[in-house]
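Enquirer: just the structure for this:
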Amino acid sequence: MIPPLLLNAHPHHKILDMCAAPGSKTTQLIEMLHADMNVPFPEGFVIANDVDNRRCYLLVHQAKRLGSPCIMVVNHDASCIPRLQVDVNGRKEILFYDRILCDVPCSGDGTMRKNVDVWKKWSALNSLQLHGLQLRIATRGAEQLVEGGRMVYSTCSLNPIEDEAVIASLLEKSEGALELADVSSELPGLKWVPGLSQWKVVMTKDGQWFTSWDDVPHNRHTQIRPTMFPPKDPEKLQAMHLERCLRILPHHQNTGGFFVAVLVKKASMPWNKRPPKLQGELAEPRAPVPPSPAEPMAGCTSDTSELESKLAPGISDTGAVERAENMDSSGSKRDGVCGPPPSKKMKLFGFKEDPFVFIPEDDPLFPPIQKFYALDPSFPKTNLLTRTTEGKKRQLYMVSKELRNVLLNNSERMKVINTGIKVWCRNNSGEEFDCAFRLAQEGIYTLYPFINSRIITVSIEDVQVLLTQENPFFRKLSSEAYSQVKDMAKGSVVLKYEPDPTKPDTLQCPIVLCGWRGKASVRTFVPRNERLHYLRMMGLEVPVGKKREGAAAAPGAKLISCVQGESLPPGLLLPVVMQFGKCCPNIDSIMPALLGDPKRSLDWRIPQVP
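Expert: Residues are numbered from 1 along each chain as shown. As a prediction, the model looks like this:
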């Protein structure tokens, strides 16, 4: 998609996706992090956020397909997403992101080609209701962007109130801290039109237009805001370079319509700049003033502002509140002066998710795993975590070093839905194999560079056998694979396929699978959808209902194999359908595909007498 491409992300970047669900753009960002497949742990990471808890789980499902240890899914309102802290050489510092994707909620009128509801439910009021939220999200993103970083603001709407009006208001508020980047040369084949510099605002149902804020009646001021109009000053408007925004129209490339703006941060936002720390002698103390009912709050405000002005840049706002409370308790109360009521502490997020517990370095759980798989000494075992605090640890997950830093320092600041990848699962009978944990396919590409034993090199024919049969015997493998597996002890194994450059007609992509070496057979622990993916990579098209050998086929699969696998006489077509149609509820949808001939797709139920 266009917004992630214009984000220009690299493997070392810290990336925030503010409105990530359902996850198509997030997966694209993860792929950019893992541009070099030989590096299992890139320096960067992606924090994907969404306000909808249910959509966060859809986001987790999408991200799991890529098997990255550098992804974290959180559940927050993007307009007030918390500012995180990280540990840098023993000091806590605020986390600023190198890249931020701000794909905000919008009216979606650019999706008119694929979304039929737009034609029925679209209203001019939609953009007026969303403008404030979009501006707050973009502002919060700009606050958390590092100086020199890049933020992409995008919508699937063509309404200037949701597009150029938000960008113009954000640029005006930034006072030069942000600027629009010229990205016209970054995607040479892309067709687009420049952003608008003048637009009108419509409000009433009868189509009344307003060209400026002065034309808006007083009773409309709650719905229409000044930020929805272009700046009046022509010089200020010209300095914004709104023509650098990209408007992609549906007929340009046979796509949907959407808007993209790329912002670069040149300095801190004006409201985030702290005054310099006071040097030299402090100001002379003021004469004591008799207390009055209205003065304590004013005194508290001035003391708090002075305290905040003396804070070092790395100290968080939470620490300032705690220090202010300590000063109040040790100063005002001790002197008997009636002070303001105690300030409420920031309400931390209550978690319904399972906790993330990192495994200690001296945990007795890890040495058997390290010995069984002959893990390299450089393996980052401190990055292993579990999702339980009591009982047996059933699954082990792994995150990158940078995400571990984020988790340890912000466990109470953010609601984490999921992070990391599953690398080991407990095997009920694993104790007899000297290791209670087997490998998980989800994290095999991350673990493989550190594993030095229990690796079986297989051929492309072996991969086909392993993916299409349930428990193939050793003798079904090639002689090279058979010689390796027959002398290996029972337990979890790694099945590695290395491409042969001398055979260009075979698959030229390495494949790593996790499996299990049994008493006389070997099998893979690969989900069905991934099996089909690997088989297609090898050039093998699997029928819709085909199952592995030895597995019970569904009724629809039997019907598919009957019709596709044999040349049935026309008169036998209906009996076959009647036999399996009762237990195959989607018979009407699969029969046209089975017959192959579109002319027969409408009359497949009619028996034809030879």
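
Enquirer: which parts of stretch 208-228 are buried?
Expert: For stretch 208-228, a neighbour-count test (16 or more other CB atoms under 10 Å) marks Phe210, Val216, Ile224, Arg225, Thr227, Met228 as buried. All C-beta spots, glycine's among them, are computed from the backbone N, C-alpha and C.

Enquirer: then stretch 166-184?
Expert: Residues of stretch 166-184 classed as buried under the neighbour-count rule (16+ other CB under 10 Å) are 166-171, 173-174, 177-181, 183.

Enquirer: can you flag which of these belong to strands?
Expert: Filtering those for membership in strands, criterion DSSP state E, returns Leu178, Glu179, Leu180.

Enquirer: nearest to Pro69, out of those: which one, please.
Expert: Of all those, Leu178 has the smallest distance to Pro69: 32.5 Å, by CB to CB.

Enquirer: what residues does the closest one make contact with?
Expert: Counting by CB atoms under 8 Å, 6 or more residues apart in numbering, Leu178 touches Ala142, Leu170, Leu171, Leu263, Val264, Lys265, Lys266.

Enquirer: the same query, at a cut-off of 10 Å, please.
Expert: Counting by CB atoms under 10 Å, 6 or more residues apart in numbering, Leu178 makes contact with 138, 142, 145, 151, 167, 170-172, 240, 263-267, 269.

Enquirer: next: Ala520.
Expert: Here Ala520 is in contact with Asn471, Phe473, Phe474, Arg475, Lys486 (CB under 10 Å, 6+ apart).

Enquirer: change it to 6 Å
Expert: Phe473 (CB atoms under 6 Å, 6 or more residues apart in numbering).

Enquirer: same check on Ile94?
Expert: Contacts of Ile94 by CB under 6 Å, 6+ apart are Arg83.

Enquirer: hmm, back to that, so which of the buried residues of stretch 208-228 is the closest to Lys381?
Expert: Of all those, Thr227 has the smallest distance to Lys381: 51.4 Å, by CB to CB.

Enquirer: low-confidence stretches in this protein?
Expert: Along the chain, the model assigns pLDDT under 70 to residues 203-204, 274-352, 429-432, 541-610.

Enquirer: domains in it, as residue ranges please.
Expert: 2-195+241-268, 357-537, 555-600 (automatic domain parsing).

Enquirer: buried deepest among these, which one?
Expert: Each of those was scored by mean neighbour count; the highest is domain 2-195+241-268, a mean of 19, by mean count of other CB atoms under 10 Å.

Enquirer: gap between the two ends of it?
Expert: 27 Å (CA to CA, to the nearest Å).

Enquirer: now the helices for the stretch 1-150 of the chain?
Expert: 2-7, 24-33, 53-64, 117-121, 124-143 (DSSP state H, counting those that start in this stretch).

Enquirer: please apply the same query to the stretch 301-450 of the chain.
Expert: Going by DSSP H, counting those that start in this stretch, the stretch 301-450 of the chain shows helices at 317-327, 333-335, 366-373, 401-409, 444-447.

Enquirer: how much space between Ser107 and Ala165?
Expert: Separation of Ser107 from Ala165 (CB to CB, to the nearest Å): 13 Å.

Enquirer: do the same with Leu407
Expert: 38 Å.

Enquirer: in which helix or strand would I find the nearest residue to Pro501 once chain neighbours are set aside?
Expert: Of all residues not flanking Pro501 in the chain, Gln508 sits nearest, at 7.5 Å (CB to CB, 6 or more residues apart in numbering). According to DSSP states H and E, Gln508 maps onto no helix or strand at all.
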